[in-house]
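What shape does this take:
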Amino acid sequence: MLQACGAAVIDSDALAHELTAPGGAAMPAIASAFGDAFVRPDGALDRARMRALVFADPAAKTRLESILHPMIGELTQQRAQAAAVAAPYVVLMIPLLIESGRWRERVNRVLVVDCCETTQIARVRERSGLTEEEVRAIIVQQASRSARLAAADDVIVNEGSAADLVPRATRLHALYTGLAAARAPAAL
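Below is the predicted model:
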């Protein structure tokens with residue numbers, strides 16, 4: 001919705017998918033670190049197999065993150081700089097912002113889109129087809145809801161429909177546009 005208002009949006013999860021797609025820049029390092037069993041026949045990451053491994057083995061998770069996170073960070077930086085030329089502000093969608101510990105100093109504000117755990121589980125199951133147990137295993141690995149809310153400068157509660165979010169997104173867009181304009185250097 002902020003993108004529809006004119007913001008540039010860089011989605012780090014989409015970048016991770018790009019890096020692990022067939023021919024993705026991260027695939028040679030992932031194949032080298034984890035073996036060909038984690039590469040699908042089309043050359044993409046076998047996400048289900050990798051998910052099972054990293055949730056069972058913290059060292060494997062760390063190894064995967066050491067490959068992907070620097071690449072995602074570099075792509076995010078490149079795309080944000082390019083997008084900032086034309087957009088009033090840039091939104092970085094970073095699902096693991098709190099867990100990473102690296103992004104807070106790179107952003108001006110943190111927006112958390114919040115919902116209760118029941119809603120979160122239902123939405124993930126609908127979107128991904130995972131079981132409730134698989135979703136709960138993922139949630140346990142993430143920062144708690146209270147930690148995310150504590151880090152937030154702005155919160156949008158997302159328990160209803162997409163239509164319910166439109167006025168909230170519009171207000172945030174006005175706020176963010178104003179803040180960005182106040183920070184922008186004066187033209188000479």
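
hey, where'd the strands end up in the protein?
8-11, 90-93, 111-114, 154-157 (DSSP state E).

For these, could you give me CSV that also reports mean pLDDT and mean neighbour count?
Using the backbone N, CA and C atoms, a C-beta is placed for each residue, glycine as well. Shown next, in CSV, are these (pLDDT from 0 to 100; neighbours: other CB atoms under 10 Å):
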stretch, mean pLDDT, mean neighbour count
strand 8-11, 95, 18
strand 90-93, 94, 20
strand 111-114, 94, 17
strand 154-157, 94, 14
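
Out of those, flag the one nearest residue 129.
Proximity to residue 129 (CB to CB) singles out strand 8-11 among the strands of the chain, at 20.4 Å.

what helices or strands is the lowest-mean-pLDDT helix or strand in the chain leaning on?
Here the helix or strand of the chain ranked lowest by mean pLDDT, DSSP states H and E is helix 97-100, holding a mean of 78. Counting by 3 or more CB pairs under 8 Å, 6 or more residues apart in numbering; DSSP states H and E, the packing neighbours recorded for helix 97-100 are helix 145-151.

Would you mark the buried spots in the helix it packs on?
Going by neighbour count (16 or more other CB atoms under 10 Å), the buried part of helix 145-151 is residue 148.

how far out from the middle of the chain is it?
16 Å (CA atoms, centre = their mean, to the nearest Å).

Stretch 120-134 now?
17 Å.

and if you look at stretch 129-143?
16 Å.

which parts of it are buried?
Here stretch 129-143 shows 130, 134-135, 138, 143 as buried, counting by 16+ other CB under 10 Å.

Please dump the residues you listed into a markdown table; it should also carry distance to residue 119 and pLDDT for every row.
Shown next, in a markdown table, are those (distance: CB to CB, whole Å; pLDDT from 0 to 100):
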| residue | distance to residue 119 | pLDDT |
| --- | --- | --- |
| 130 | 15 | 88 |
| 134 | 17 | 87 |
| 135 | 12 | 91 |
| 138 | 15 | 85 |
| 143 | 17 | 88 |
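
Take the strands of the chain and lay them out in CSV including distance to residue 103.
Formatted as CSV, the strands of the chain follow (distance: least, CB to CB, whole Å):
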stretch, distance to residue 103
strand 8-11, 12
strand 90-93, 7
strand 111-114, 13
strand 154-157, 16
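
can you tell me which of those comes nearest to residue 2?
It's strand 90-93; of these, that one is closest to residue 2 (CB to CB) at 5.4 Å.

helices and strands around the closest one, which ones?
Against strand 90-93 (3+ CB pairs under 8 Å, 6+ apart) you get strand 8-11, helix 12-19, helix 58-84.

neighbouring strands for the first one, and are they parallel or not?
Each strand pairing with strand 8-11, determined using DSSP bridges, is listed with its direction: strand 90-93 (parallel).
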